[in-house]
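In: Sequence below, structure please.
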Amino acid sequence: MIKKAATIILLALLISPVNYAKSATDNLAKGNKYYSSAKYEKAVTEYKKEVVQDKTNKKAAEGIIKSYTAIGDIYYKNSEYGKAALNYRNALFYVQLYAAKTNSTDFIGEYKTVQNSYKQCLKNLKIKDNAKNHYNMGRLLSLLNEYTAASYEYSLAQNGKYKTDCEKAMEEMYKKAGLENK
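Out: Below is the predicted model of the structure:
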């Protein structure tokens, strides 16, 4: 009886990592399937599941960045610049997150392209690109539970008198987004 229980426990321990790896693979596969079907919101959801578990997963980060950018592009083409800017902010947040966790410049090209699109949205919305506006936008986005977008705005406002407030706010946004900044 003890031998049978030990065998069951050993099998359970051996199977657990396999299930975790399968889950991560499933998340990426589902995300890729949704992305290729232009179901970008669903793709983001699947990719995020993986990034929460492994912030250094390049394929998941790339999927999130491309999905948010695609959503932003759709809104931009429809002259919905506020919604476009929100999605571009989210894409830019994940570029920063991946770079910070891996010391990598893998997505620098995407960063520049998306950042230009984001800045064009601000211009179209007649919002000045300055620290005060970024700080206030971060505060507004955090109230709307848009934590990754808020964190990106706070990162842009980190100079002078906003530095300490932004650092604290960014830590809070990372936690609320389930992505503690460690």
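In: quick check: domain ranges of the protein?
Out: Residue ranges for each domain of the chain read 2-91+106-125, 128-182, as given by automatic domain parsing.
In: Let me have these in CSV, adding mean pLDDT, distance to A99 and mean neighbour count as columns.
Out: Every residue, glycine included, has its C-beta placed from N, CA and C. CSV is the format used below for the domains of the chain (pLDDT from 0 to 100; distance: least, C-beta to C-beta, whole Å; neighbours: other C-beta atoms under 10 Å):
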stretch, mean pLDDT, distance to A99, mean neighbour count
domain 2-91+106-125, 83, 7, 17
domain 128-182, 88, 11, 17
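In: In TSV, list the ones you listed along with distance to A100.
Out: Listed next are the domains of the chain as TSV, based on distance: least, C-beta to C-beta, whole Å:
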stretch	distance to A100
domain 2-91+106-125	9
domain 128-182	8
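In: Y98 is nearest to which of the ones you listed?
Out: In terms of C-beta to C-beta, the element of the domains of the chain nearest to Y98 is domain 2-91+106-125, at 4.1 Å.
In: Run through who's touching stretch 47-57.
Out: Applying C-beta atoms under 8 Å, 6 or more residues apart in numbering, the external contacts of stretch 47-57 come out as 24, 27-28, 31, 60-61, 63-64, 67, 94, 97-98, 101-102, 178-179.
In: now the strands for the chain?
Out: Using DSSP state E, no strands are found in the chain.
In: For it, which segments count as helices?
Out: With DSSP state H as the criterion, the chain has helices at 2-36, 40-53, 58-77, 81-102, 108-124, 131-143, 147-156, 163-176.
In: Fine, thanks again, bye for now.
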